[in-house]
Structure formats: structure tokens, C-alpha cells
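Chemist: attaching a predicted model along with its sequence, questions to come.
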Amino acid sequence: MPPYDRAVDATTQAVLAALLGGVVAAGAMLAWHLSDRQQHRYRAPEEPVVPDGVAAVLSVLRSSAVVVDESDTVLKASAPAFAMGFVRGTTLLSDELGELIRQVRRDGEIRETELIVPRPAGSPRHVTARVAPLGTRLVLALVEDRTRERQVEEVRRDFVANVSHELKTPVGAIHLLAEAVDGAADDPEAVRRFAARMITESDRLSRLVQQIIELSRLQGDEPLDSPAPVSIDSVVATAVDVVSTTAASKEIAVVAEGEHGLTVLGSEKQVAAAVSNLVSNAVTYSEPGSRVVVTRRTAGDMVEVSVVDQGIGIPEQEVERIFERFYRVDPARHRSTGGTGLGLSIVKHVAATHGGEVRVWSVEGQGSTFTLALPRRPDPAARPGGEVADTVPATPASPATPATPAAPVQPHLQEERP
């Protein structure tokens, strides 16, 4: 073959080889592209991180709700969960709740338990936690705050225990006195003495039962059935009249002063009971020959009735507890005064029922001032009263001469005031 022909054949072969290589490469690229498109076209959709609707449900829950993934990362949490300190950012802060979540993740069983969560300030929080699987990857925890319920249960248990103890004391005394009367049938003087003691104990028992009934009614937090105008002048006059005999026996002057014509809206019986308790306390725990002042005045939209005494006062550390039921600083003193320990609790609940408050100022050994503040009843037709003092003398001694405050004494029990 001539040299020219051999050169042409070699060139042709090279061109054909190049074309063939290009065709193979293009085919490979086309095949890869088609395969990639096919994979994207038929890839299964991924499961959403949090199922649809869960976020909306969590936003309206009053309880704390937390959704975590398989690594215990918080994916979603309700506002109460952050407020109660269970979640910070995407981290679950409660170790006990975290352990419960891991147990549910392992076996898929719903679990419920009670937890006590410490708080930086205040008493621990009592909560109920319910944990359940949410799909295949997530876990849902619902936490209910039961602290208030536990406190109410504890208060009720204490109340029942205290009532049982307080009822047992006079009932036991009456039983013993009855046995003493039976044993002293031949001694008329002893029978009269024991009978008088029985009357005293039965009166105390009657007061205790009546105050328990009144306090239970007030603690229902029910609104007043039919609020009516209540004259503060009438309430104060009644309270002063009730204590007049006791005040006279101790030569204590009870003075009522302040604005006249003040009216509040509520229950006259409850307001009268509250003021009478304050005035009775002041007289009972004041020194003989001293002075008790009952004032009434307006303070903005409120009517304030203050009872000032020169009694034994209240230790500073006890002031915050004096409104607790049956609370006494010195349990030995209430026996001599016939107190029940419920009076100030009644005052507190009367104030709350009427939308008011009760305040106390006291210095041990100098005296106390209790102020009952109730919303004033608007009365455009009423004329403002002047500062008029009308003294209710409860003793032959001159009420205008205040007694010198008694020397500091040790704290004693008061019926409704420690």
C-alpha cells in the first residue's frame, strides 16, 4: 500500500476512536444524570421534626408541655414550661423528668409520676408529670403544677386536727366537771362552783362552734348574696356596746371617734363581727385603767376602721402569723381569756370577701393598731362628716386621761391576736 493511503487510514482510525470515546462518555453522563433525577423523583418525604398541629396545641395548654427528640433536645415547649424552670433554650433542666423521658423512649410505655421540684426561693414545687411517646422519634411530657392543691390539702388536715383538739378541750372539761358535781352532791358550795365552771366551758364551746361555722362559710370565697349598705357608725356602736361590761370591770375607757355617716356595701353581720372581734381583742388584752380608741375615716375610695390599744403588743416575728387559724404565741394564756384563736382569721376573711384588707402595727409592750379597710359605698347625697369624738365611758374613771403604757411584758396569747 502506498504511504499516502497508510497515512489516511491512521487518521481515520484516530478520528473514529475519538468519536467513539465521546459517544461513550456522553452516554455515561446521560445515564448518571437520569439516575440522579430518578432518585430525587422517587425519594420518600422525610417525617417532620414536630408533627403538624402539635405546636398549635402546645401554645394553648395551661400545663407545661415539652417535646424532645432522641437526643433529649427540646424541640418545642409551652410558655409555662419556661416559666416553671423546666426548659432553658433547647435544654431540659429537670434530671428527674429527663430520666422518665428516657424510660418511655426505651419501652414506649406511658408513665405518670409525682415530682418535687426545688425552687431557689420559697417552698418546693409539687408537680405531676405524664410522659408518652409521640410518633417513632419524639417524646411528649406534660407537667401539671399541684403545689396549690397540696397546700390546700395540708391546710385542711391542719384545720381538722386543730378543730378536733379545740373541741376536745372544753368537752373533756365539761365531762370532768360533771363527774365532780356528782361526787360533791352533799356539798352545795362545791356543786355551785363546779356548775359555774361548766357554764363557762359550755359558753366557750358554743363560741368555738359558732366561729368555726362562720369561718367555714367565709372560706368558701363565695360572693355576697345580697350586698346592702352597712352603716359604720352602727357597727362601731354595736362593737363598743358589746365590750362595755368587760371594759367597765377593768376600768378601761373605750372611745369612738372620727367621721360620721360612712357607709360600705356588704354584709352588716360580717362587718359587725369583724369590728367586734378587733374591739374585743383590744379590751381583753389591754391593761386595767388603759384606753382603747376606735376611729373611722375615709382614705380615698376606702373606709378605714382602726382599733388602737395600749396592751401587751405583739412580737415582731409573730406579726405575720397572727391571722392564721388557732395560732397563738403563748398557748397557756388563752385558757384564762376564753379565746378561740379564730377571731382574726374571721376578720381577714371578712375583709377579703368585701374586697378590702386588714393591717396591723404593733410594738411589744406598747400596744397595737388594727385597721380594717373596706371599699366605700358612693353616696353623692351624703354630707361629709366632721371629726367628732363621742366617748363611751366604760368606767367611772375619766376616759379623757389615758393610762400610762404598761411596762414591757413577756408575749402572751391573745384570743385572736398572739
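Modeler: Looks like it came in fine. Since the structure is predicted, the reported quantities are computational estimates derived from the model, not experimental observations. Numbering: from 1, shown residues only.

Chemist: what sits closest to Glu114 if chain neighbours are left out?
Modeler: Spatial nearest neighbour of Glu114, excluding adjacent residues (C-beta to C-beta, 6 or more residues apart in numbering): Thr128 at 5.5 Å. Placement of C-beta: from N, CA and C, glycine included.

Chemist: so the one you found, which of the three states?
Modeler: strand (DSSP: H, G, I helix; E, B strand; the rest coil).

Chemist: how about the contacts made by the residue nearest to His354 when sequence neighbours are not counted?
Modeler: Counting by C-beta to C-beta, 6+ apart, His354 lies nearest to Gly266, which is 4.4 Å off, once chain neighbours are set aside. The neighbours of Gly266, taking C-beta atoms under 8 Å, 6 or more residues apart in numbering as the test, are Leu224, Pro227, Ala228, Val230, Thr353, His354, Leu374.

Chemist: which one (most neighbours) among those residues?
Modeler: Leu374 (25 neighbours; other C-beta atoms under 10 Å).

Chemist: given the helix or strand where that one lies, what are its sheet partners and their directions?
Modeler: Per DSSP states H and E, Leu374 falls inside strand 367-375. Its sheet considered, strand 367-375 pairs with strand 302-308 (antiparallel), strand 357-363 (antiparallel) by DSSP bridges.

Chemist: and among the ones you listed, the most buried is which?
Modeler: strand 302-308 (a mean of 21; mean count of other C-beta atoms under 10 Å).

Chemist: outside of it itself, list whatever touches it.
Modeler: 232, 235-236, 262-264, 275, 278-279, 281-282, 292-298, 356, 367-376.

Chemist: of the contacts of Gly266, closest to Leu140?
Modeler: The closest of these to Leu140 turns out to be Thr353 (C-beta to C-beta; 41.8 Å).

Chemist: in this structure the closest one contacts Gln270, no?
Modeler: Yes: assessed by C-beta atoms under 8 Å, Thr353 is found in contact with Gln270 at 6.8 Å.

Chemist: returning to that earlier point: may I see the buried residues of the strand holding Leu374?
Modeler: Along strand 367-375, these residues count as buried under the neighbour rule (16 or more other C-beta atoms under 10 Å): Gly367, Ser368, Thr369, Phe370, Thr371, Leu372, Ala373, Leu374.

Chemist: please apply the same query to stretch 119-137.
Modeler: Arg125, His126, Val127, Ala129, Arg130, Val131, Pro133, Leu134.

Chemist: got JSON lines for those, with distance to Ser78 too?
Modeler: Output for the buried residues of stretch 119-137, formatted as JSON lines (distance: C-beta to C-beta, whole Å):
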{"residue": "Arg125", "distance to Ser78": "16"}
{"residue": "His126", "distance to Ser78": "19"}
{"residue": "Val127", "distance to Ser78": "14"}
{"residue": "Ala129", "distance to Ser78": "14"}
{"residue": "Arg130", "distance to Ser78": "14"}
{"residue": "Val131", "distance to Ser78": "15"}
{"residue": "Pro133", "distance to Ser78": "18"}
{"residue": "Leu134", "distance to Ser78": "14"}
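
Chemist: picking that back up, next, format the strands paired with strand 367-375 as JSON lines and append mean pLDDT and distance to Lys348.
Modeler: Below are those laid out as JSON lines (pLDDT from 0 to 100; distance: least, C-beta to C-beta, whole Å):
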{"stretch": "strand 302-308", "mean pLDDT": "93", "distance to Lys348": "14"}
{"stretch": "strand 357-363", "mean pLDDT": "89", "distance to Lys348": "6"}
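
Chemist: need those in TSV with distance to Ala81, can you?
Modeler: Putting the strands paired with strand 367-375 into TSV (distance: least, C-beta to C-beta, whole Å) gives the following:
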stretch	distance to Ala81
strand 302-308	40
strand 357-363	34
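
Chemist: so which of those gets nearest Ala83?
Modeler: Here strand 357-363 is closest among the strands paired with strand 367-375 (C-beta to C-beta), at 27.7 Å.

Chemist: only alpha carbons, please: show the closest one as PDB.
Modeler: Provided in PDB are the C-alpha atoms of strand 357-363 (Å, rounded to 0.1, in the frame of the first residue of the first chain):
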ATOM      1  CA  GLU A 357     -57.800  44.300 103.700                       C
ATOM      2  CA  VAL A 358     -56.700  44.300 107.300                       C
ATOM      3  CA  ARG A 359     -53.400  45.700 108.500                       C
ATOM      4  CA  VAL A 360     -51.600  45.600 111.900                       C
ATOM      5  CA  TRP A 361     -49.000  47.800 113.600                       C
ATOM      6  CA  SER A 362     -47.700  46.700 116.900                       C
ATOM      7  CA  VAL A 363     -44.800  47.200 119.300                       C
END
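
Chemist: let me see the ranges of the strands in the stretch 251-400 of the chain.
Modeler: 253-258, 263-266, 291-299, 302-308, 357-363, 367-375, 388-392 (DSSP state E, counting those that start in this stretch).
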